[in-house]
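Asks: Let me see the structure of the following:
(one chain, ligands or ions: 2)
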Amino acid sequence: MRYISTRGTAPVLDFRQVTLAGLASDGGLYLPETWPTFSPEQIAAMRGLSYVDTAVEVMAPFVEGTLGRDDLKALCEQAYGRFSHAAVTPLVQLDGQHWLLELFHGPTLAFKDVALQLLGLLFERFLSGSDKQVTVVGATSGDTGSAAIDALAGRAGVDVFMLHPKGRVSDVQRRQMTTVLAPNIHNIALEGASFDDCQALVKAMFNSPEFSGTFALSAVNSINWARLMAQIVYYFYAAVRLGAPERPVAFSVPTGNFGDVFAGYVAAKMGLPVAKLIVATNVNDILHRALSQGDYSQGSVVPTPSPSMDIQVSSNFERLLFDLGGRDGAALAAQMQGFEASKAMRLTNAQQSGAAGLLRSDRIDLDDMAMAMRWACEGAGQVIDPHTAIGLAAARRADLKDVPIVTLATAHPAKFDDAVERATGMRPALPARVGDLFDREERYASLPGTFAAVTAYIAERAVPSA
Ligand SMILES: Cc1ncc(COP(=O)(O)O)c(C=O)c1O
Ligand SMILES: N[C@@H](CCOP(=O)(O)O)C(=O)O
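Replies: Ligands and ions are numbered 1, 2, ... in the order given. Got it, this is the predicted structure:
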């Protein structure tokens, strides 16, 4: 499989190269040159497969030329062996139409583990035997950071510099990052910053010829294609269990950086019968405005009880616009450069109507979020986190008849215990597997959110490429 950039001019890469590369050198994002597809018979043959075997079927076409099926299977067994549920991503029925797909049974209690446990092993595999030292620069609103740190702590050949917006992640999220004291892990809390500011700094580092020429930069955010590839798997796994390919299934996805829902879009391109993908946002609703009105204009970020979705520039939306706009790299580069200059853009008619076939969106406010948490708790005995509640609220008012709707349960409720308690009166306990999180020493740097301050901090600690 070969990978191309959304902006058309970066070199074409193979899977190993794209995994280590992160952002493309033309500022774009990598994606496969063509979408592999499965016939209904091939999808039907996934019935009864374990999560690992489903993962091998779904991901094999993307790693072709770099990893064989046996190697891929061994990596998946190792990655998903750390999950606390035998089904890895189990389905839980709420009522006659609604299901939760629990994605939080990994080591750091959020869906990010599904991809990052594998990505950590891919880094190890692709760097072994070389003396290359990779500098991972990442931005997090809480969950990517903890999952990436768990996956990469102590690994040879990788230093991790993780930026988070100071005071805008939950206590559990922060501690999951800052109590990991491995020497290759560096947490940076950016003062007065939002996740968008952190993400913009990361992209600026990739786009700086001087900085990216000095360090072998790599990414663990969903700008890295391998992240999305691993997330496609659970759409197949869930839909097949609910009757695909004969019965189409809809998914409701709590959305911020548009990575998780883009993985669902790819599953549909690969032949999975997806009735609808519901893009559920909180009040930081740039994606809802874009999909419902064609207006992709950046507002300022409002802090909410679903902090991981407090995002107003959704990186992976670029991948969707590229695919829907006929894969014209030059046109997309001009559109994105216009957005970067003015913080606003209109979707083209082709992009808007292309999206409308599969995607619909909704914006969920605080009251609707709290109501969904109470409904799940009182009606179905399920305590859910605020992000999942946003997905569930959108699913419940989607008006899709006769179709099972699966809401992606993206985080364990205990990661957001204060918000859950406020809405439901129940305070979820942290699972034993996270251990004595609140007794451990924390270590992180607090820095002003400027390019100069952050790059100076990294340059003092990272190993320059040869
Ligand atoms: C718990 C949780 N739910 C939902 C999201 C949104 O996912 P995405 O950024 O892939 O749209 C995130 C962050 O990415 C998250 O951490
Ligand atoms: N919600 C995320 C934000 C980063 O998203 P990513 O999927 O692009 O890594 C987080 O928790 O950090």
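Asks: can you give me the offset of whichever strand or helix holds H288 from its chain's centre?
Replies: Using DSSP states H and E, the element containing H288 is helix 286-293. Taking Cα atoms, centre = their mean, to the nearest Å, one finds the center of helix 286-293 at 19 Å from the center of the full chain.
Asks: List the buried residues for that helix?
Replies: Within helix 286-293, the residues that count as buried by 16 or more other Cβ atoms under 10 Å are I286, L287, H288, R289, A290, L291, S292. Just so you know, the C-beta spots here come from the backbone N, C-alpha and C atoms, and that holds for glycine as well.
Asks: Looking at these, spot the one nearest K276.
Replies: Using Cβ to Cβ, L291 is the member of the buried residues of helix 286-293 that lies nearest K276, at 11.9 Å.
Asks: I figured that closest one hits G354, correct?
Replies: No. No contact is recorded between L291 and G354 when judged using Cβ atoms under 8 Å, the distance being 10.9 Å.
Asks: List the residues that contact the residue nearest to Q173 when sequence neighbours are not counted.
Replies: With Cβ to Cβ, 6 or more residues apart in numbering as the measure, G142 is the residue that lies nearest to Q173, at 3.3 Å, once sequence neighbours are left out. G142 sits next to H164, V169, S170, Q173, R174, P307, S308, K415 when contact means Cβ atoms under 8 Å, 6 or more residues apart in numbering.
Asks: ditto for A275
Replies: Residues near A275 by Cβ under 8 Å, 6+ apart: P248, V249, A250, L400, V403.
Asks: which intervals of the chain have sub-threshold pLDDT?
Replies: Applying pLDDT under 70 to the chain flags residues 466.
Asks: Quick check: phi and psi at A280.
Replies: A280 has phi and psi values of phi -100, psi 120 when expressed as degrees, to the nearest 10.
Asks: gap between it and ligand 1?
Replies: Here the distance between A280 and ligand 1 works out to 9 Å (Cβ to the nearest ligand atom, to the nearest Å).
Asks: And D196, by the same measure?
Replies: Distance, D196 to ligand 1, using Cβ to the nearest ligand atom: 12 Å.
Asks: Give me every residue in the stretch 251-400 of the chain lying close to ligand 2.
Replies: The stretch 251-400 of the chain has residues G256, N257, G259, S308, S315 near ligand 2, with proximity defined as Cβ under 6 Å from any ligand atom.
Asks: one more time with 8 Å, if that's ok
Replies: By the criterion of Cβ under 8 Å from any ligand atom, the positions of the stretch 251-400 of the chain lying close to ligand 2 are G256, N257, G259, D260, S308, M309, I311, S315, N316.
Asks: What is the neighbour count of the fourth one?
Replies: A total of 29 residues lie near D260 under the criterion other Cβ atoms under 10 Å.
Asks: Quick check, it in contact with V253.
Replies: Yes. Judged on Cβ under 8 Å, D260 makes contact with V253 at a distance of 5.3 Å.
Asks: okay, and the common contacts of the two?
Replies: Common neighbours of D260 and V253 are listed as L408 (criterion: Cβ under 8 Å, 6+ apart).
Asks: what's the burial count for M371?
Replies: 17.
Asks: Check L358 too.
Replies: Using other Cβ under 10 Å: L358 sits among 16 other residues.
Asks: And G379, by the same measure?
Replies: G379 has 11 nearby residues by other Cβ under 10 Å.
Asks: and the gap between it and ligand 1?
Replies: G379 sits at a distance of 22 Å from ligand 1 (criterion: Cβ to the nearest ligand atom).
Asks: Likewise for K276?
Replies: Following Cβ to the nearest ligand atom, the distance that separates K276 from ligand 1 is 17 Å.
Asks: List the buried residues for the helix or strand where F62 lies?
Replies: Take DSSP H and E as the rule and F62 turns out to sit in helix 51-63. Buried residues in helix 51-63, defined by neighbour count with 16+ other Cβ under 10 Å: Y51, V52, T54, A55, V56, E57, V58, M59, A60, P61, F62, V63.
Asks: same deal with stretch 20-36?
Replies: Of the residues in stretch 20-36, those buried under the neighbour-count criterion (16+ other Cβ under 10 Å) are 20-24, 27-32, 35-36.
Asks: do the same with stretch 180-200
Replies: In terms of neighbour count (16+ other Cβ under 10 Å), stretch 180-200 has its buried residues at 180, 184-190, 193-200.
Asks: Where helices are concerned, which of the residues you listed count?
Replies: Among the buried residues of stretch 180-200, the members falling in helices (DSSP state H) are F195, D196, D197, C198, Q199, A200.
Asks: any idea where the strands of the stretch 101-250 of the chain begin and end?
Replies: Read by DSSP state E, counting those that start in this stretch, the stretch 101-250 of the chain holds these strands, from start to end of the chain: 134-139, 158-165, 185-191, 216-218, 249-254.
Asks: With distance to Y296 added, can I get those in a markdown table?
Replies: Written out in a markdown table, the entries for the strands of the stretch 101-250 of the chain read as follows (distance: least, Cβ to Cβ, whole Å):
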| stretch | distance to Y296 |
| --- | --- |
| strand 134-139 | 20 |
| strand 158-165 | 22 |
| strand 185-191 | 25 |
| strand 216-218 | 27 |
| strand 249-254 | 18 |
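Asks: closest one to Y444 among these?
Replies: Ranking the strands of the stretch 101-250 of the chain by their distance to Y444 (criterion: Cβ to Cβ) puts strand 185-191 first, at 3.8 Å.
Asks: Partner strands of the closest one and their direction?
Replies: Here strand 185-191 has these sheet partners by DSSP bridges: strand 158-165 (parallel), strand 445-448 (parallel).
Asks: Pull the residues that contact the shortest one.
Replies: Looking back up the chat, that one is strand 445-448. Surrounding strand 445-448, the residues in contact under the criterion Cβ under 8 Å, 6+ apart are K166, H186, N187, I188, A189, L190, E191, G192, A453, V454, Y457.
Asks: Enumerate the positions of it that are buried.
Replies: In strand 445-448, counting by 16+ other Cβ under 10 Å, buried: L447.
Asks: and it, how far out from the chain's middle?
Replies: Taking Cα atoms, centre = their mean, one finds the center of strand 445-448 at 25 Å from the center of the full chain.
Asks: Same check on stretch 427-434?
Replies: Going by Cα atoms, centre = their mean, the spacing between the C-alpha centre of stretch 427-434 and its chain's C-alpha centre is 23 Å.
Asks: Can you measure across it, start residue to end residue?
Replies: Stretch 427-434 has its terminal residues 17 Å apart, counting by Cα to Cα, to the nearest Å.
Asks: touching ligand 1 at all, it?
Replies: No. Stretch 427-434 does not reach ligand 1 (Cβ under 8 Å from any ligand atom); its nearest approach is 14.1 Å.
Asks: residues from the stretch 151-300 of the chain in reach of ligand 1?
Replies: Residues of the stretch 151-300 of the chain found near ligand 1 (Cβ under 8 Å from any ligand atom) are 222, 231, 253-263.
Asks: try 5 Å this time
Replies: Within the stretch 151-300 of the chain, the residues that sit near ligand 1 (Cβ under 5 Å from any ligand atom) are P254, T255, G256, N257, G259, D260.
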